[in-house]
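Asker: Generate coordinates for the sequence data below:
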Amino acid sequence: MQRPVREFMRRDFVQLSQRMRVSEALDFIRDYRSPGQSLIYFYVVDEASRLVGVLQTRALLTAQSDESLTDVMIRHVIAIPENATVLEACEFFVLHKFLAFPIVDRERRMKGVVDINLFNEEVFGISKTETGDDLFQRIGLHIAQARSASPLQVFRFRFPWLLVTIAGGTVCAFIAQAHERTLQHTLVVAFFMTLVLALGESVAVQSLALVLETLRLRKVTPAWFFNTCRREVVTALPLAITTGVVVLIVVLILDRALWPALVISGSLAIGVGAACLLGISIPTLLHVAKLDLSIAAGPITLAATDIAMLLLYLGITGVLL
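Answerer: Numbering: from 1, shown residues only. Got it, this is the predicted structure:
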């Protein structure tokens with residue numbers, strides 16, 4: 001599992017210039033002589049041969065002949081570095097469930113392609129007759145075995161993003177310390193801090209999951225972003241109102257004071273709306289920055305949501321109570 005993944009890559013991939021039209025790309029592919037391997041994806045490069053996009057076969061066949069490849073390609077390309085190990089490549093297959101990945105150097109120039117069937121037969125001896133789900137499951141089992149054998153590899157891959165969670169928790173601790181007087185004066189506010197953080201994270205993760213699925217299939221534009229935010233606000237409104245009403249009833253039962261119940265439930269409802277927007281905005285920004293969403297989006301979104309929820313909750317209750 002520690003062997004270089006470049007030992008298993010193929011070099012019979014198709015590179016298309018980003019200046020091509022769909023009709024030109026199809027003519028190029030028809031003239032391409034494949035040595036018998038299936039062509040799963042087509043890769044789009046710029047003038048310096050750097051990888052800038054990937055084309056699915058279905059998208060290419062259904063596009064208009066005069067469309068530019070830049071209009072139909074997927075810009076967020078997940079590529080494996082040429083110095084990656086087999087273990088790290090397995091992580092890519094399990095996390096993203098793609099049938100092939102490009103292998104690139106530091107300048108993002110393509111060196112080859114690793115195909116899941118070839119990869120499975122050469123590395124694990126898994127037959128091509130297995131279904132896609134079975135293949136990914138079998139790779140996952142091998143990863144689990146490799147993790148137990150070499151935990152330092154997993155540590156190096158995941159720990160930097162856990163630092164984001166640690167940083168977010170530290171900022172939340174400073175925010176709570178800054179509102180110490182409010183927490184001492186109105187003890188019921190402290191009772192609901194855990195609920196505030198948990199509820200904000202739950203709402204943000206729901207929005208995050210929807211956006212990640214959408215970002216796989218379409219190009220990010222300002223119009224798409226604002227339309228998505230507008231739809232999410234409409235969705236967040238009933239969530240915020242319902243959540244606020246439930247918390248209002250709970251606070252009334254515990255504290256039997258109407259004004260603190262109104263303030264706490266109202267601040268929590270505002271926080272729920274903010275969490276929805278953060279669940280959209282952060283993965284979108286990471287996508288524009290071309291970071292790996294499957295690893296980075298979760299920790300960063302949750303840390304930002306915790307900070308925003310606590311600022312809103314303690315800020316509003318501190319002023320009104």
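Asker: hey, let's count contacts and neighbours off CA atoms from now on
Answerer: OK.
Asker: Which parts of this protein are helices?
Answerer: For the chain, the helices defined by DSSP state H cover 22-31, 57-62, 69-72, 86-96, 116-119, 132-149, 151-178, 180-185, 187-191, 193-215, 222-255, 258-288, 293-320.
Asker: Can you say which of those helices is packed in most?
Answerer: helix 258-288 (a mean of 22; mean count of other C-alpha atoms under 10 Å).
Asker: packing partners for that helix?
Answerer: Where contact means 3 or more C-alpha pairs under 8 Å, 6 or more residues apart in numbering; DSSP states H and E, helix 258-288 is packed against helix 193-215, helix 222-255, helix 293-320.
Asker: The ones you listed: which one's closest to R75?
Answerer: Across these, R75 has its closest neighbour in helix 193-215 (10.0 Å, C-alpha to C-alpha).
Asker: Output that closest one as PDB, restricted to C-alpha atoms.
Answerer: In PDB, the C-alpha atoms belonging to helix 193-215 read as follows (Å, rounded to 0.1, in the frame of the first residue of the first chain):
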ATOM      1  CA  MET A 193     -25.300  27.100  24.800                       C
ATOM      2  CA  THR A 194     -24.800  23.400  23.900                       C
ATOM      3  CA  LEU A 195     -28.200  23.400  22.200                       C
ATOM      4  CA  VAL A 196     -27.300  26.500  20.200                       C
ATOM      5  CA  LEU A 197     -24.000  25.000  18.900                       C
ATOM      6  CA  ALA A 198     -25.500  21.500  18.100                       C
ATOM      7  CA  LEU A 199     -28.500  23.000  16.300                       C
ATOM      8  CA  GLY A 200     -26.400  25.400  14.300                       C
ATOM      9  CA  GLU A 201     -24.000  22.500  13.200                       C
ATOM     10  CA  SER A 202     -27.000  20.300  12.200                       C
ATOM     11  CA  VAL A 203     -28.600  23.000  10.000                       C
ATOM     12  CA  ALA A 204     -25.200  23.900   8.400                       C
ATOM     13  CA  VAL A 205     -24.400  20.300   7.600                       C
ATOM     14  CA  GLN A 206     -27.800  19.800   5.900                       C
ATOM     15  CA  SER A 207     -27.100  22.900   3.700                       C
ATOM     16  CA  LEU A 208     -23.600  21.800   3.100                       C
ATOM     17  CA  ALA A 209     -24.600  18.300   1.900                       C
ATOM     18  CA  LEU A 210     -27.000  19.800  -0.600                       C
ATOM     19  CA  VAL A 211     -24.500  22.300  -2.000                       C
ATOM     20  CA  LEU A 212     -21.700  19.600  -2.300                       C
ATOM     21  CA  GLU A 213     -24.000  17.500  -4.400                       C
ATOM     22  CA  THR A 214     -24.900  20.400  -6.600                       C
ATOM     23  CA  LEU A 215     -21.300  21.600  -7.000                       C
END
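Asker: tell me the angle it makes with helix 222-255.
Answerer: Here helix 193-215 runs at 160 degrees with respect to helix 222-255, directions being taken by axes from the mean of the first three to the mean of the last three C-alpha atoms, to 10 degrees.
Asker: can you tell me the average pLDDT over helix 193-215?
Answerer: Model confidence over helix 193-215, given as mean pLDDT, is 79.
Asker: How about residues contacting that helix?
Answerer: Applying C-alpha atoms under 8 Å, 6 or more residues apart in numbering, the set of residues contacting helix 193-215 from outside is 232, 268, 271-272, 275-280, 283-284, 287, 293, 297-298, 301-302, 305-306, 309-310, 313.
Asker: Make JSON lines from the helices and strands packed on helix 258-288 and add distance to I116 to it.
Answerer: As requested, the helices and strands packed on helix 258-288 are exported to JSON lines (distance: least, C-alpha to C-alpha, whole Å):
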{"stretch": "helix 193-215", "distance to I116": "22"}
{"stretch": "helix 222-255", "distance to I116": "33"}
{"stretch": "helix 293-320", "distance to I116": "19"}
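Asker: where does the stretch 151-300 of the chain have low pLDDT?
Answerer: For the stretch 151-300 of the chain, the stretches flagged by pLDDT under 70 are 151-158, 213-219, 290-296.
Asker: Please identify which of the helices of the chain is closest to I40.
Answerer: helix 57-62 (6.7 Å).
Asker: pLDDT of that closest one, averaged?
Answerer: Looking at helix 57-62 alone, the average pLDDT works out to 84.
Asker: Please apply the same query to stretch 4-22.
Answerer: The average pLDDT for stretch 4-22 rounds to 86.
Asker: From R11, how far off is W224?
Answerer: Computed with C-alpha to C-alpha, to the nearest Å, the distance linking W224 and R11 is 37 Å.
Asker: related to what we said a few turns ago, among the helices and strands packed on helix 258-288, which comes closest to P4?
Answerer: Proximity to P4 (C-alpha to C-alpha) singles out helix 293-320 among these, at 22.0 Å.
Asker: Report all helices and strands that that closest one contacts.
Answerer: With contacts defined as 3+ C-alpha pairs under 8 Å, 6+ apart, helix 293-320 has these neighbours: helix 151-178, helix 180-185, helix 193-215, helix 258-288.
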